[in-house]
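> Got a predicted structure here, sequence first:
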Protein chains: 2
Amino acid sequence: MSEGAGRAKRADARRNEKALLDAAADVFVTSGVDAPVRDIAAKAGVGMGTIYRHFPTRADLIVAVYRHQVEALAEAGPHLLATSETPYAALAKWIDRFVDFLVTKHGLAAVLQSDDAGFQTLHAYFLDRLVPVCTELVEAAAGSGEIRSDIGALELMRGVGNLCVSPDNDKRYDPRRLVALLIAGLKKPGP
Amino acid sequence: MSEGAGRAKRADARRNEKALLDAAADVFVTSGVDAPVRDIAAKAGVGMGTIYRHFPTRADLIVAVYRHQVEALAEAGPHLLATSETPYAALAKWIDRFVDFLVTKHGLAAVLQSDDAGFQTLHAYFLDRLVPVCTELVEAAAGSGEIRSDIGALELMRGVGNLCVSPDNDKRYDPRRLVALLIAGLKKPGP
DNA sequence: TTGCTAAACGGAACACGGTTCCGTATCGTT
DNA sequence: AACGATACGGAACCGTGTTCCGTTTAGCAA
């Protein structure tokens, strides 16, 4: 539903979009996802107008940069479910990968939880793509009786996302450990 | 170590400080703790210079506004420990109050996790005051064998704080439920 | 009361980052 | 070669935080 739709793009436009994507990816790792727009434009060697034309909001840019990885994460869900001991194990592993993704992206988790109007796109994409996957895992685990069934995938992912927001490399705060606690808390109260 | 220290303050200075505190408390509830500095100054009927003289950083202002409530929370710890069934129950109740405090303060949780330089004061105060209390509760619960002992009070509080960051009134995200999960996950793996 | 000085005040000016707008340059086609 | 559509660049604008300094005022002493 996207390729052959409108008019063909001009060559320079395509080139600039690529340049911006590369520059953004670069800047994101060094300065975080909330780096100044000017920096990205500068690194890509384009003007301010150009960046806004290609990516009207910062969220669009972020989505574009991380689309591949989100896609991979989404696809990992069913696979994990098929190859793991139990649905709960699959869920745990998937969440683990989710955490990996978030903690390696300086500031992504923080922006993911922002309710700022401009980030609707970001929420929409990340959640639309991942929540169904997570839902499948959660329901499977609930169905097998391993976990309580009063918690939604969205809520769970938001919680995990929140736990992943951490000041840069603070040794005393390990998101993984807390997420592990949360996931452990998911289990049905033992008999 | 603060009362009789320096020179006495002028009457107008005291008055303005009070006015600022009141104005800030007001503005915080309606516009959140990250409301524009100008708004607060305006509401208090003072100039920009005045607000910065009394509260060099936003954190100072926040701390001043919520000092009472933080104090109350700190004092609640020992009391809960003394009056609850078990240390774990005390811990759970205390965390509950902590959550209450955070969720009713529009944006406080978010700012509490910021690693921005200017918020060092805020971290310092909140954590210095509450971590020891929480530590007492955690250690008591660990000592009674109810919870695992590989998690620190700081980490726990940060996790809870993070979970309390939520977009305004989103029905689908309930910090309390997730915190409950986290606290449940704290319990020793059942036999 | 009056005069003096340190303390405190107010708000204009500056810094910075996001966003918009429009004159100009470029692409692709005829 | 010429022309229209498309895309570009970057100056200008806006909202916020922050600083600075000329002016005002409280408190005290003569």
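Thanks, I have it. The structure displayed is predicted, hence computed values, not measured ones.
> What residue spans form the domains of chain A?
As given by automatic domain parsing, the domain ranges for chain A are A:9-55, A:63-186.
> Please see if the shortest one touches chain B.
No: with CB under 8 Å from any CB of the partner chain as the threshold, domain A:9-55 lies outside contact range of chain B, at a closest distance of 11.0 Å. Every C-beta, even on glycine, is put in place using the N, C-alpha and C of the backbone.
> Show me what the biggest helix by length in chain A packs onto, helices and strands only.
Longest helix of chain A, by residue count under DSSP state H: helix A:58-83. Other helices and strands packing on helix A:58-83, by 3 or more CB pairs under 8 Å, 6 or more residues apart in numbering or on different chains; DSSP states H and E, are helix A:11-31, helix A:87-103, helix A:108-112, helix A:120-143.
> quick one on the thing from earlier: and the domains of chain A, which is most packed in?
Sort the domains of chain A by mean neighbour count, taking mean count of other CB atoms under 10 Å in any protein chain shown, and domain A:63-186 sits at the top with a mean of 18.
> so does it get close to DNA strand C?
Yes: contact of domain A:63-186 with DNA strand C (CB under 7 Å from any atom of the strand) involves A:G118.
> chain center to the helix or strand of chain A with the lowest mean pLDDT, what's the gap?
Ranking every helix and strand in chain A by mean pLDDT, DSSP states H and E puts helix A:108-112 at the bottom, with a mean of 89. Relative to its chain's centre, helix A:108-112 lies at 8 Å (CA atoms, centre = their mean, to the nearest Å).
> name the helices or strands packed onto that helix?
helix A:58-83, helix A:87-103, helix A:120-143, helix A:153-163.
> Can you show me the CA trace of the last one as PDB?
I take that to be helix A:153-163. In PDB, the C-alpha atoms belonging to helix A:153-163 read as follows (Å, rounded to 0.1, in the frame of the first residue of the first chain):
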ATOM      1  CA  ALA A 153       0.200  -6.400  26.700                       C
ATOM      2  CA  LEU A 154       0.100  -2.700  26.200                       C
ATOM      3  CA  GLU A 155       0.300  -2.100  29.900                       C
ATOM      4  CA  LEU A 156       3.100  -4.600  30.300                       C
ATOM      5  CA  MET A 157       5.100  -3.000  27.500                       C
ATOM      6  CA  ARG A 158       4.600   0.400  28.800                       C
ATOM      7  CA  GLY A 159       5.800  -0.700  32.200                       C
ATOM      8  CA  VAL A 160       8.900  -2.400  30.800                       C
ATOM      9  CA  GLY A 161       9.500   0.700  28.600                       C
ATOM     10  CA  ASN A 162       9.300   2.900  31.700                       C
ATOM     11  CA  LEU A 163      11.700   0.700  33.600                       C
END
